[in-house]
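> Predicted structure and sequence below. I'll ask about it afterward.
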Amino acid sequence: MKLNAIHHIAIIVSDIAAAREFYVDKLGFEVIRENYREQRADWKLDLRIGEGTEAIELEIFAEPNPPKRVNRPEACGLRHLAFRVEDIETTVAELEACGIACEPIRYDEYTHKRMTFFFDPDGLPLELHE
């Protein structure tokens with residue numbers, strides 16, 4: 001078997017408008033399509049970041065009354081999404097200018113890169129990795 005790349009990641013959110021503002025307006029994801037799925041009574045927002053073969057899609061599902069995310073103690077499943085950036089200080093400053101708080105920048109002793117975390121409107125941890 002040969003898997004070529006990650007095509008998309010799917011997350012469930014509690015508020016489609018807040019998720020759209022966060023991922024599109026603040027983080028800069030491109031909207032591919034947005035649909036209300038009447039048979040499921042939910043919204044599906046397909047986003048993309050990157051170009052060509054480097055692009056990754058983020059599928060956002062807004063379901064009525066989803067259960068809250070478990071974060072401590074951490075449960076099995078998605079732990080966080082990590083974004084590669086060229087300049088972590090600049091990216092942190094841009095996020096903070098949008099009202100998005102970031103944890104202090106720290107050094108990953110295994111990858112020898114700098115990193116930090118911030119959170120989406122539902123508390124999903126998002127990482128910046130330089």
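Cool, the structure landed.

> Give me the contacts around the longest helix seen in the chain.
Looking across the chain with DSSP state H, the single longest helix is helix 88-97. Residues from elsewhere that reach helix 88-97, judged by CB atoms under 8 Å, 6 or more residues apart in numbering: Lys26, Val85, Cys102, Ile105, Arg114, Met115, Thr116, Phe118, Leu128, Glu130. For every residue, glycine as well, the C-beta is placed using N, CA and C.

> Buried residues, stretch 25-44. List them.
Neighbour-count burial for stretch 25-44, with 16 or more other CB atoms under 10 Å as criterion, is recorded at Lys26, Leu27, Phe29, Asp42, Trp43, Lys44.

> what does stretch 122-130 give?
In stretch 122-130, counting by 16+ other CB under 10 Å, buried: Asp122, Leu124, Pro125, Leu126, Glu127, Leu128, Glu130.

> For it, measure first residue to last.
24 Å (CA to CA, to the nearest Å).

> Repeat that for stretch 83-99.
Rule used - CA to CA; the end-to-end distance of stretch 83-99 is 18 Å.

> can you give me the mean pLDDT across it?
Taken as a whole, stretch 83-99 has an average pLDDT of 96.
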